[in-house]
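*Asks:* 3D model of this:
(one chain, ligands or ions: 2)
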Amino acid sequence: ATPTAVMVATGKGAENGMLMRRGAALEALARADTVVLDKTGTLTIGRPQLTDLEALNGNEAGLLALLAAVENHSEHPIGTAVVEAARARDIALPAVSDFAAEVGFGVHAKVDGQMVQVGAAHYMEKLGIDVTPVADTAQRLADQARTTIYVAVDGALIGLAAVADPARPESAAVVAALKKRGLSVAMVTGDQAATANAVARSLGIDEVLAGVLPDGKATEVERLQAEGRRVIFVGDGINDAPALARADVGVAIGSGTDVAIEAADAVLMRADLYALRDAIDLARKTHRVIR
Ligand code: ADP
Ligand code: MG
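*Replies:* Ligands and ions are numbered 1, 2, ... in the order given. Now for the predicted structure:
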């Protein structure tokens, strides 16, 4: 492709909703054979809603009050969902102190002198907290593609909550379009395997990398590259930035965090994955001569 052809294609890409931040992005898009997409905020809308509450003592309002009081200090979308649900039910939140977030695991804070711990199953495991009393419920919720949130007080489980984060309306169609073009499609997420598998199944994605810790997404990209694959990584979050930088092409969702956009080679100007498919088509057309 001539420099002029690349320039024309870059302009056309922008018209179609993908902005190239680096010159080499177009050619790398044309040559890629694998697309790895982040789940939360990329394949899904990224605004989860609270769907379930199960208190071991039967007091669901009390469970939500404690959970929301702690999450009120969190910046994670799960925290926002929980706090919105408490507000919608007019539940007053107790005062908390000593809040801390453990990225990729969960959050904890003190309420009335007791330590409230909130997070994923692997967080409870790390804290040595037994979750078997809610194991059946948790399995059922995860199979419905919901993310489970365990709540413990001073190291003893008191209940379980769940949030659901719907897929973007175009996600399944775009996955099918990418596969039709001969690309391998994989999903990567910090979320637990059962939830991730349920989401992947509904979107037609065969390869799932779940339970990945924040710095692990870039490692997964490297592993695929070591197998000789040329990887497009698509993500929106702060913890996607290293993978976006590491990939042959990093594509950030324009509505995502600034950190992700800075690390990316290309940006989807609207949160619409069809622009990714269109940019790949355009890149392949532009670079057909030298493919
Ligand atoms: P992702 O956003 O891709 O799911 P994260 O690395 O942010 O990945 O978090 C991994 C998991 O840790 C989440 O899926 C969730 O189960 C748990 N987690 C993280 N932060 C919180 C929080 N504030 N409240 C509840 N659970 C959390
Ligand atoms: Mg995300």
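*Asks:* what about the residue of the stretch 101-250 of the chain found nearest ligand 2, how many neighbours?
*Replies:* Nearest residue of the stretch 101-250 of the chain to ligand 2: residue 237, at 3.8 Å (CB to the ion). Heads up, the C-betas are built off the backbone N, CA and C, glycines and all. The local packing of residue 237 (other CB atoms under 10 Å) involves 24 other residues.
*Asks:* got the residues of the stretch 1-150 of the chain near ligand 1?
*Replies:* With CB under 6 Å from any ligand atom as the criterion, the stretch 1-150 of the chain meets ligand 1 at residues 39-40, 71, 74, 76, 78-79, 104-107, 118-120, 147, 149.
*Asks:* any idea which of those has the most stuff around it?
*Replies:* With neighbours taken as other CB under 10 Å, the top of these is residue 71, carrying 31 neighbours.
*Asks:* Distance check, that one against residue 82.
*Replies:* Using CB to CB, to the nearest Å, one gets 4 Å for the distance from residue 71 to residue 82.
*Asks:* ok so, going back, could you restrict the residues of the stretch 1-150 of the chain next to ligand 1 to the ones contacting ligand 2?
*Replies:* residue 40 (CB under 5 Å from the ion).
*Asks:* Looking at the residues of the stretch 1-150 of the chain next to ligand 1, which are in strands?
*Replies:* When DSSP state E is applied, these are split such that 106, 107, 118, 119, 147, 149 fall in strands.
*Asks:* where does the residue lying closest to residue 207 once chain neighbours are set aside land on pLDDT?
*Replies:* Spatial nearest neighbour of residue 207, chain neighbours left out: residue 186 (3.8 Å); criterion: CB to CB, 6 or more residues apart in numbering. As predicted, residue 186 sits at a pLDDT of 98.
*Asks:* cool, and residue 14?
*Replies:* Residue 14 carries a pLDDT value of 78.
*Asks:* Ok, the one 10 residues further on next?
*Replies:* At residue 24, the pLDDT value in this model is 87.
*Asks:* Could you pull up phi and psi at the closest residue to it other than its chain neighbours?
*Replies:* Nearest non-adjacent residue to residue 24, counting by CB to CB, 6+ apart: residue 265, 7.3 Å away. When read as degrees, to the nearest 10, the backbone of residue 265 gives phi -90, psi -20.
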